[in-house]
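[1] Coordinates only, no sequence provided:
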């Protein structure tokens, strides 16, 4: 279950993803499969080659890309989430979600 984002944030992320940009969206998240994890960052891009290359450049396995028809994305959580958000200068998301 996702929460902690505003509708306009979601729309901006979807627009950026649709344009083939690498876009970041962090939100609070509860999933029993991932005990102790309270946030996730969705790194989206409709250009699958670009998203795959982005994953590889950060040492991430592109096999875990979610191939959503409209909004392909890679989910970041746990320690790697903060590390990559720092590398990508996503300071507002780090501060807002206390990562």
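    Sure, I can see it. Bear in mind that the values here come from a model prediction, so they are computed numbers and not experimental data.
[2] ok now the longest helix seen in the chain, how far from the chain's centre?
    Secondary structure of the chain per DSSP state H: the longest helix is helix 7-18. Helix 7-18 sits 12 Å away from the centroid of its parent chain (C-alpha atoms, centre = their mean, to the nearest Å).
[3] Can you list the low-confidence ranges for the protein?
    By pLDDT under 70, the weakly predicted segments of the chain are 1-2.
[4] Now for the most centrally placed residue in the chain: which residues touch it?
    The residue lying closest to the centre of the chain (C-alpha atoms, centre = their mean) is residue 42, at 1.8 Å. Contacts for residue 42 (C-beta atoms under 8 Å, 6 or more residues apart in numbering) come out as 13, 24, 25, 26, 27, 73, 74, 75, 76. Any C-beta I mention is one placed from the backbone N, CA and C, and that applies to glycine too.
[5] The helix or strand encompassing it - which strands sit beside it in the sheet, and in what orientation?
    Residue 42 belongs to strand 39-44 when assigned by DSSP states H and E. Applying DSSP bridges to the sheet, strand 39-44 is found paired with strand 23-29 (antiparallel), strand 73-76 (antiparallel).
[6] can you tell which of these is closest to residue 91?
    Checking those against residue 91 by C-beta to C-beta gives strand 23-29 as the closest, at 11.2 Å.
[7] buried stuff in that closest one?
    23, 24, 25, 26, 27, 29 (16 or more other C-beta atoms under 10 Å).
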